[in-house]
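*Asks:* Structure of the sequence below:
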Amino acid sequence: FLTDKNLQPHTACLLAALHLAYENCKLSAPLEAALEPLASFLGQLAVLLRMHAYVDYYVRDFPSLRAPLVALAKTIKPAPAPAAAAPPCDSSGRLAQPADVRRWLLGCVARVVPQQAPFPVIPSATAMWTSVLARAFHALYNKDFSSEQAAHEAVRVLAAAGVSRQSLELVPWGVALPILEALRACRAAPPGSWSAAAYTLIGREDLAAQASLSPLLLTAARRSSPIAAAAATAATTTHATEDSIEVQDGTFIDAEVTRLRFGADNRVAEVARLLSSGRPQRILVVQKPEMSDHDLLNEQRALLGLVSQRTMALSVGRGMFTLGTARPVVTEAMKIPPLVLTGKSATSNQEITVDDTLLTPAALLWPNFHNGVAAGLRIAQAGRTKLSTTWIAYHRPKDSQQADAHAGFLMALGLSGHLTGLSTMTLYDYLSQGHETTSVGLLLGMAAARRGSMDAGVARMLGIHVPALLPATSAEVEVPFMVQTAALLGVGLLYQGTAHRRITEVLLLEIGRRPNLSAEASMDREAYSLAAGLALGLVTLGKGEDAPGLSDLHLADRLRRLTEGGLYTTAPADAAANYRIREGPMINIDVTAPGAMLSLGLMYIRTENRAVAARLDVPDTQALLELVRPDFLLLRVVAKHLILWREVAPSVEWIEGCCPAVVREYRLGSKSFREDLSAAFVDLETLRMAYANIVAGACFVAALAPASAEPAYLRPMTKQ
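*Replies:* Got it, this is the predicted structure:
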């Protein structure tokens with residue numbers, strides 16, 4: 001370009017035109033991959049033309065280009081620059097400085113771009129996106145228009161350019177959001193004079209069909225605009241009424257963004273309806289001629305018992321659905337939604353109650369606890385909302401029926417970081433009540449709020465609830481075993497990633513803790529060992545073999561022994577004193593294996609250590625599969641692929657590849673399964689259960705790594 005006398009006067013104009021194409025790529029997600037190579041080429045061209053403003057612009061976009069461009073400027077002697085100070089293609093001199101489409105759009109939003117300075121566009125050298133979106137933003141933030149007029153004008157510009165809803169999905173989210181808001185604002189009562197393309201763009205296919213049929217129907221559409229406005233008002237009123245019910249159920253989301261994302265249907269409202277637990281369930285049982293009223297009532301109560309189990313599990317999904325969507329007022333209490341387990345007959349509207357033997361206080365303990373957790377998770381995180389100790393203590397229930405729900409509420413506040421400022425006196429008041437679930441929620445919440453900090457105050461609070469952390473000469477304290485288990489897991493959260501030696505030694509011993517004199521401890525050993533394993537994995541999270549000061553503990557070998565079994569290395573004096581359980585010198589892997597496997601997976605997470613991962617391989621023969629509990633296969637798959645994180649591929653092929661050949665061959669529904677259904681040498685039940693658990697573990701791991709896969713890539717696996 002610089003040596004040809006015919007092209008030399010147009011070189012700067014070529015740079016300006018290609019720069020506008022570069023800016024156009026910023027407005028299209030599929031073209032973002034072309035930005036860096038195009039910036040590299042344009043930067044070299046700008047260096048040769050001595051246009052330093054352009055060079056600085058590309059280096060700011062991609063700092064990695066600085067070194068090669070500086071080297072080019074030093075090694076290549078540039079040709080003489082063009083005589084004109086500004087590119088010849090722009091007589092006004094606007095392109096003497098590089099145009100920045102993002103800065104220009106931000107100026108539109110801030111309403112600082114003057115009317116006489118539109119974004120520079122060369123129609124013959126630039127694709128349509130820059131021109132269309134620039135004109136749409138210019139209309140949307142025009143000071144001479146009202147908000148309604150600006151939205152209408154922006155829609156008219158987009159429709160005239162042939163923009164569709166599908167094409168807007170290719171625009172970066174920050175740029176598309178104001179346009180989507182304009183489309184939503186116009187959907188309720190659009191003007192009657194629009195074209196069919198404009199109606200389709202805002203999601204009014206009904207008016208688009210009318211506008212595309214004939215001029216007579218177009219006139220009818222114009223006349224129907226007041227009716228559309230009235231319908232929109234009625235819909236708004238109905239929505240407000242439903243919102244008041246949703247507030248009581250804890251499923252209300254004040255989400256304008258969700259209306260932009262799911263504005264064409266009612267999927268968000270349907271999810272809220274499915275997760276609602278504050279309404280009586282409709283029970284439909286058809287009464288046969290030979291069925292008496294008493295038998296009908298028994299059938300309805302039996303069906304309501306099954307539906308109640310689903311209702312008690314809804315709080316887990318509701319907590320995820322409404323996570324961080326509420327910002328409470330400090331002068332108002334936040335209500336925990338009720339857990340309604342009654343029903344109404346779909347035919348007679350008669351109230352139905354569940355059998356009292358099914359809804360015992362023990363059966364309702366954890367459903368109420370998780371219901372409180374779901375209510376607390378609605379509150380935004382501590383960085384966005386600040387809650388005082390007085391506000392938290394104000395929610396303390398007056399009766400014991402709501403104590404379990406309040407315990408879950410405290411745990412959720414800790415997960416959101418709101419318990420960091422809780423006063424010592426308030427902590428003492430809660431813990432001195434002696435209520436088990438309240439202690440569990442408070443200990444886990446405080447540990448989560450101080451996660452990884454090794455806070456001395458929280459460490460002392462947790463330590464007095466874990467007898468293994470107390471000095472040998474300390475007095476015995478009666479601590480419920482459930483509270484001990486929660487405190488043990490809280491220790492792992494508090495010391496997360498620290499590789500604290502003392503804590504590591506204690507947790508390793510607690511995984512293989514022998515049964516002692518406590519009858520309660522003998523009943524919940526599995527939970528205690530699992531909590532100890534998870535806590536040990538959190539303390540050594542991702543450290544692998546590089547954990548400082550822990551190499552002499554041989555953690556991997558000892559955890560493998562707890563996973564596969566073997567002789568106990570220690571024999572406590574009280575091991576033979578337990579009158580409920582008699583264990584020999586062998587490790588009871590039914591108790592120790594789950595915690596040991598998960599601890600090993602967390603300790604070596606994302607380390608790609610194949611030697612350790614090989615210890616968690618799924619057995620590949622039927623004889624070896626019969627030696628492993630099916631549910632342990634699920635944990636093996638999860639722990640192994642936590643270590644080999646880069647190999648996780650959310651696809652059906654990868655999930656099937658996690659199963660050994662013998663399991664795939666005889667899985668339920670396969671050809672070999674049908675042919676060898678009566679074969680005596682194949683234990684079909686073992687292989688079927690192994691297949692189900694291995695697939696479940698692989699699906700769980702695939703769901704843990706959503707950042708490594710696009711949602712569109714996950715859809716085929718989800719459908720299959």
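*Asks:* For whichever strand or helix holds residue 60, which helices and strands make contact with it?
*Replies:* Here residue 60, judged by DSSP states H and E, is contained in helix 52-61. Judged by 3 or more C-beta pairs under 8 Å, 6 or more residues apart in numbering; DSSP states H and E, the packing partners of helix 52-61 are helix 35-48, helix 66-75. Just so you know, the C-beta spots here come from the backbone N, C-alpha and C atoms, and that holds for glycine as well.
*Asks:* Buried residues of it, list them for me.
*Replies:* By neighbour count on 16 or more other C-beta atoms under 10 Å, the buried set for helix 52-61 is 54-55, 57-59, 61.
*Asks:* Can I get the residues you listed in CSV including pLDDT and distance to residue 200?
*Replies:* CSV is the format used below for those (pLDDT from 0 to 100; distance: C-beta to C-beta, whole Å):
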residue, pLDDT, distance to residue 200
54, 88, 40
55, 88, 44
57, 88, 38
58, 89, 39
59, 88, 43
61, 88, 36
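*Asks:* what's the neighbour count on the closest residue to residue 45 other than its chain neighbours?
*Replies:* In space, and not counting its chain neighbours, residue 45 is closest to residue 15: 5.4 Å by C-beta to C-beta, 6 or more residues apart in numbering. A count of nearby residues for residue 15, using other C-beta atoms under 10 Å, gives 22.
*Asks:* burial measure for residue 565, as a count.
*Replies:* 15.
*Asks:* what do you get for residue 402?
*Replies:* Residues near residue 402, counting by other C-beta under 10 Å, number 17.
*Asks:* what distance separates the strand or helix carrying residue 106 from the centre of its chain?
*Replies:* For residue 106, the host element (DSSP H and E) is helix 101-109. Its chain's C-alpha centre and that of helix 101-109 lie 31 Å apart, by C-alpha atoms, centre = their mean, to the nearest Å.
*Asks:* list the contacts for the residue nearest to residue 45?
*Replies:* 42, 45-46, 49, 51, 54, 87 (C-beta atoms under 8 Å, 6 or more residues apart in numbering).
*Asks:* Run the chain-centre distance for the helix or strand hosting it.
*Replies:* Assigning secondary structure by DSSP H and E places residue 15 in helix 11-25. In terms of C-alpha atoms, centre = their mean, the centre of helix 11-25 is set 40 Å apart from its chain centre.
*Asks:* Residue 136 is nearest to which of the helices and strands packed on helix 52-61?
*Replies:* The minimum distance between residue 136 and the helices and strands packed on helix 52-61 falls on helix 35-48, with 22.1 Å, by C-beta to C-beta.
*Asks:* now the angle between helix 11-25 and that closest one, please.
*Replies:* Put simply, helix 35-48 runs at 160 degrees to helix 11-25, going by axes from the mean of the first three to the mean of the last three C-alpha atoms, to 10 degrees.
*Asks:* three-state assignment of the closest residue to residue 330 other than its chain neighbours?
*Replies:* What sits nearest to residue 330 in space, not counting adjacent residues and going by C-beta to C-beta, 6+ apart, is residue 391, at 5.4 Å. When classified by DSSP: H, G, I helix; E, B strand; the rest coil, residue 391 comes out as helix.
*Asks:* And residue 337, by the same measure?
*Replies:* Here residue 337 is recorded as coil under three-state DSSP.
*Asks:* go on, the one 10 residues further on?
*Replies:* Following three-state DSSP, residue 347 is assigned to coil.
*Asks:* List the contacts of it.
*Replies:* Residues counted as contacts of residue 347 (C-beta under 8 Å, 6+ apart) are 284, 287.
*Asks:* mind checking pLDDT for it?
*Replies:* pLDDT, residue 347: 83.
*Asks:* gap between it and residue 282?
*Replies:* 10 Å (C-beta to C-beta, to the nearest Å).
*Asks:* With residue 391 instead?
*Replies:* Distance, residue 391 to residue 282, by C-beta to C-beta: 37 Å.
*Asks:* Of those two, which one has the most company?
*Replies:* Ranked by neighbour count (other C-beta under 10 Å), residue 391 and residue 282 place residue 391 first, with 17 against 13.
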